[in-house]
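Engineer: Okay, sequence plus prediction incoming.
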Amino acid sequence: MHESRGTLSVALSLRLTFCNVGGATMGVYEDVQRFIAAHAVCGEVARTAEPPTAQGYRIMVTCPCGEVFDRWVTPAAARHDLIHSTLLSSAN
């Protein structure tokens, strides 16, 4: 990307859904799982994630049908997902 950091930040804020602590959405784990399940009949999805920064990271899941799940994950949302996905996977 050849955009300045300020321009990139504005572009990301306009294009991505942000997960915030005060809002109804926290984390993206469940949303990603729902997207993958909803598109299971389309074929295998492609997953990418940008390297994490102090502000968070971007995750993209692209379906062969063309639909894209594109989110910015804040550090708080990542912690939420880590805690909840670990608790869910360790249940007997």
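Structural biologist: Right, received. Where do you want to start?
Engineer: who touches the closest residue to Glu67 other than its chain neighbours in this structure?
Structural biologist: Excluding the flanking residues, the one nearest Glu67 by CB to CB, 6 or more residues apart in numbering is His39, at 6.7 Å. C-beta: built from backbone N, CA, C; applies to glycine. Counting by CB atoms under 8 Å, 6 or more residues apart in numbering, His39 touches 45, 63-65, 67.
Engineer: just the strands in the protein please.
Structural biologist: 17-18, 46-49, 57-62, 68-73 (DSSP state E).
Engineer: Have a look at this structure and report the helix or strand with the lowest mean pLDDT.
Structural biologist: One helix or strand of the chain scores below all others by mean pLDDT, DSSP states H and E: helix 5-15, with a mean of 38.
Engineer: Just the buried residues out of the contacts of His39, in PyMOL syntax.
Structural biologist: To isolate in PyMOL the members of the contacts of His39 that are buried, counting by 16 or more other CB atoms under 10 Å, one can use:
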select buried, resi 45+63
